[in-house]
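> One predicted model, sequence on top.
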Amino acid sequence: MPTITIDGEKYQVDGEQNLLSTCLTLGLNVPYFCWHPEMGSVGACRQCAMMEYKDSEDQHGRLIMSCMTPIRDGGIYSVKDEVAEEFRGSIIEDLMTNHPHDCPVCEEGGECHLQDMTEMSGHTMRRYRGTKRTHRNQYLGPFINHEMNRCITCYRCVRFYNDYAGGEDLQALGRNHQVYFGRQEEGRLENGFSGNLVEVCPTGVFTDKTFSSHFVRKWDLQTAPSVCEHCAVGCNTAPGARESGNSNEPILRRITNLYHHDINGYFLCDRGRFGYEYINSATRIQNVLSVRQEDVISSTAEKGDRMHREINPQEAVLHLAEQIAMANQGKRNLIGIGSPRTSLENNYALRKLVGSGNFYSGLSQKDQELLHLVSTIQQDDRIQSPSTPEIENADAILILGEDIYNTAPRISLAVRQAARNRQKQQAKSLKIPLWQDSSVRQLEGDYSPIIFAGTELSNLEKITSNTLFESPEKVASFACNLALAISDPTSLSPDLEPSLLELITHTAGILRGSSKPLIISGTSSKHADTLKSVAQVATVLSDYKKQPTMLYLACDEVNSLGLIQFFNDGKGNLDELLERLKKNTDNQIPTSLMILENDLYRRLDKKSLEQLLSQADEIILLDTLLNPTSKRADWIFPASVTAESQGTFINNNGLAQRFYAVYEGKGFIQESWRWLMDAVNFCTEKPANLSAIAEWQHSTDLSDAIAREFPVLKALDSLGPDEDFRIDGLKVARQSARYSGRTAIHAEKQVSENPPLQDPDAPMSFSMEGIHNPNRSPLQANIWSPGWNSNQSIFKFQEEVGGERRGGPSGIRIERPQRVMPEWPAPSTPPEVAADPSHVQMLPLYRLFGSEELSNQAMGISEVIEAPFVMVNHIDAKAFDIHQRELIELETSCGTYRAEVRISPTIPSGTVGIPYGLPDFETLSPLLPGYASLRPAEAPAITED
Amino acid sequence: MIASQLRSMWLVFKHLFRRNVTVQYPDQKPYLAPRYRGRIILTRDPNGDERCVACNLCAVACPPDCISLQKTEDPDGRWRPEYFRINFSRCIMCGLCEDACPTYAIQLTPDFEMCEYDRQNMVYEKEDLLINGPGKYHDYSFYQVAGKAITGKDKGEAENEAAPINIKSLNL
């Protein structure tokens, strides 16, 4: 390790880094703008100037840009030298000449890197008296606000958006002093990672528009570590909330990235960043509702829909207690339906209440089998589930049947970085350090091989070397043949099409020849054979290489992999429940269904679901948003969302992560398990299972109970501190030390202050009292350090710049028993049939905005969701005589759907692409991939029934 | 010892001819300088628009945390407080809010007579705070200095601003 001297102090440092990031790792304050820990150096802003001395004799030294300077063993440097300080001061003075007098009306103010650096460089008085250059702004969509006057031309935005995230619609326009960062014409920034511009931009050119509509300064946000609930990647977030001064009720104001070395690093996708608004949406359930008995004069409700009225929670809890008591006496069947989008704790509580025999996963048979497969595959020791940095280091990637940009967006960003590995190898051989970003990017050469086979590929088309657009059956057979080709290239059947054969041998060659191959697949194609064949490829590759193969399997929802751990026997899906209820018809015992945070219309086809619901005598729903299922419920309890509760999710990697309540939900909203516990407390007789529930006080009690009951989930008891944990006798503060308005915010109603709320679940306070330093506890999510008010201060809490957060990673991998996966028979190859409009296969297509249930209700996102469509192959379209944008009717086993036609050259012939979960098409999702017939729409629109 | 008593009596006697320092408050009001730190007001700019842009700096500067407000944005692009509340029962009249205010909106006045029987009446909302004038600073208008465009003041029209750049020109 080289030793260097900075301002007279000797340090042992990592020689791979440049001088700037070395200084930051050492905790020294060096100002910078264009350098970014993830994007490297370009030396554009000249802000990080330092002095370098030839030797200890050298009195004068020379100015160097620390971000462009490699570490020299024995080097002598200075940050505090007067010449360097003066130089940095003059640079910031120049940058500030055109900066508008905007800070009070700028959303960045208070967490602005430019403000911090100006302070740090000592520029306090403006001397420039000339005119300021001005720019006109552009409309950039519902997420990002644009204010070009504030730009200091550091080029970070285009370096992130174009170079790092692969966006194409943001450019540096104009020239010299007048450079403009914007789009060619106004419109939404199309890339799904555009929200990161808010954090990447060192000043307020790009700000969060959704945050601006309920804006408060960073110091006024209370925060806690949370996990994004909009997909199964498990990105860490730091939601910020604050009470509103008019109603005293807290609202969630924004989501920012919370650095996690192994998952999201510095970046989030737009669904995760802007999807939070569903929490404040009009469809949020805020009160306990029960069905209205009295007749109303007229209503727009459909047949079978219930109409609800608000009732006193106690009445509802008493009713629930009565049901539980009756179930215990055997006078009632109490059936629980769990959910993959709520915590393990909530699912466990319901399971405990109704008993394991009466607890169902809330997934269809097909979905549950797929998840079971994922878990089985990951249990094999020949498979390794890679973290994001491991994905970024893969030198060959095979993506099978998963459109990751839309189903696991953060992973597609990692894949994009992996595409540059060949370039990075070349840079290494030329002795160019990797942090020399623009030099590395200028190297010519191909991308690292990325091969895709599946239905649709978004965002990554330009970096994939080979693509095969086929139906899931063909993808499975491709994978199967690939497995054969890897183990023995001569064993391939000669009947294969020559082009396919070539692709298979090419792919097999690449996988065999690479040192760190990665395979990505998932459940989104809803096709078990694809998963099985993918697993086969991975195991064959592992046998060939004598090392575990990296296989990333994406699941649908945030806790899919967690929920499935409760159903290790493969039983407990909704189809089984339907069978059971059908058999029970002559039974005199009435049935109550308790549905936990689940919209069953997205799980089971409408016909079966209507049957299922009609078999139940009473439906009790605990949920966060009103949805089609809530229309059928007799009792509805308002449940808290992720940001309002504590619990555990298990992500695609099998990593158990705990999320903490950022604020207390308003009014009667509380965690689902607390509703159940309240009801149990009202029961007079408590058998063993109920008395266990009645004893729960903290969320961690449930976590510990899960860890005791399920050996697989043993990690849960060591996952985070219990609620009685203290540091120096203190809790961790959710509010910043400078949280304002404490004695005024509630004064409208009552001038005397109430004591802060107590958190029964976590060792954190809902006030400014407690530990603020993120180095003292990973529970502190307010990333702030003196002099570093922006999120850039994260380096103060990392072991080294871009490294693990101090105190180690949060989250523990669950320990599933190592088990060799069974040998599955090869999937049968589907016969070739001519495309027929009366029998087309519907394949699910996913959308970043629109396919996920909760984020669809966010105001900003609902603006950009596409209208439903049916995607048809261009050759089929000609044969069927249908045209682009024409209205078409899709007749399925559950009614007719009507949508516009989109013609695509890539969607496989004989199939049509159906957007999964899009508004109006939600009830179509359970049918995918199924068959339907197409016909031009003539009659007036009838969407369902 | 007698000398000391005589001296004291002389001193007391001398005060009979001094000017009276007791003021007959409240019948007689003392002079308070315009920059006296008393009751807080919100002022308007010379055009009569609210000066406060809801930047939250007064709230964060306030030692007893007795200022609370919420930003909202008008259709013309101006930032404005949706509500602005000062809990005067907590206020210590330190004037840090006035120091922090970048728009001269919040000002302290020479009025200190704020007695109430009910503490709840010490909570002032925006309607109670806002006056119909510019207070101590007659000419300042924040949006004429700031770069943010609002209706009636386009980009390039603020003080010391050049006309907006046409990025489609050659920009030589």
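Now that the structure is in, tell me what you want to look at.
> contacts and neighbour counts: CA atoms only from here.
Noted.
> what's the closest non-adjacent residue to A:S608?
The shortest distance from A:S608 to any residue that is not its chain neighbour, by CA to CA, 6 or more residues apart in numbering or on different chains, is 7.5 Å, and that residue is A:L578.
> now swap in A:S515 and tell me
Residue nearest to A:S515 in three dimensions, not counting chain neighbours: A:D395, with 6.9 Å by CA to CA, 6+ apart.
> burial measure for that neighbour, as a count.
As a burial measure, the neighbour count of A:D395 was computed by other CA atoms under 10 Å in any protein chain shown and equals 24.
> got it, and A:G141?
The burial metric for A:G141, expressed as a neighbour count using other CA under 10 Å, is 17.
> SS state for it?
Secondary structure of A:G141, reduced to three states by DSSP: H, G, I helix; E, B strand; the rest coil: coil.
> if I pick it, what's in contact with it?
Under the criterion of CA atoms under 8 Å, 6 or more residues apart in numbering or on different chains, the contact list for A:G141 reads A:G187, A:R188, A:L189.
> In a helix, A:N196, correct?
Yes: if the criterion is three-state DSSP, then A:N196 is within a helix.
> Quick check: it touching A:L268?
Yes: taking contacts as CA atoms under 8 Å, A:N196 lies within contact range of A:L268: 6.7 Å.
> Of these two, which one has the most company?
A:L268 (28 against 25).
> Which secondary structure element is home to the residue nearest to A:S608?
Secondary structure from DSSP states H and E places A:L578 in helix A:574-583.
> helices or strands up against that helix?
With contacts taken as 3 or more CA pairs under 8 Å, 6 or more residues apart in numbering or on different chains; DSSP states H and E, helix A:574-583 sits against helix A:365-379, helix A:606-615.
> which residues sit in contact with the residue nearest to A:V440 when sequence neighbours are not counted?
Of all residues beyond its chain neighbours, the one nearest A:V440 is A:A427 (5.9 Å), with distances taken as CA to CA, 6+ apart. Taking CA under 8 Å, 6+ apart as the definition of contact, the neighbours of A:A427 are A:P433, A:L434, A:V440, A:L443.
> and the lengthiest helix in chain B, what's its mean pLDDT?
Longest helix in chain B, counting residues (DSSP state H): helix B:2-15. With pLDDT averaged residue by residue, helix B:2-15 scores 93.
> Please, where are all the strands along the stretch 351-500 of chain A?
Ranges of strands within the stretch 351-500 of chain A are A:359-360, A:383-384, A:396-400, A:450-454, A:466-469, based on DSSP state E, counting those that start in this stretch.
> wait, I meant the stretch 51-200 of chain A
With DSSP E, counting those that start in this stretch as the criterion, the stretch 51-200 of chain A has strands at A:62-65, A:76-78, A:132-134, A:144-146, A:171-173, A:180-182.
> which stretch among these comes nearest chain B?
strand A:132-134 (4.6 Å; CA to the nearest CA).
> which residues touch that closest one?
Strand A:132-134 is touched from outside by A:97-100, A:148-149, A:178, B:147, B:155-156, B:160-165, with contacts defined as CA under 8 Å, 6+ apart.
> Same check on stretch A:817-832?
Contacting residues not belonging to stretch A:817-832 are listed as A:376-377, A:379-381, A:473-474, A:476-477, A:480, A:529, A:532-533, A:712 [CA under 8 Å, 6+ apart].
> do that again at 10 Å, thanks
With contacts defined as CA atoms under 10 Å, 6 or more residues apart in numbering or on different chains, stretch A:817-832 is touched by A:373, A:376-383, A:473-474, A:476-478, A:480-481, A:528-530, A:532-533, A:535-536, A:539, A:711-712, A:910.
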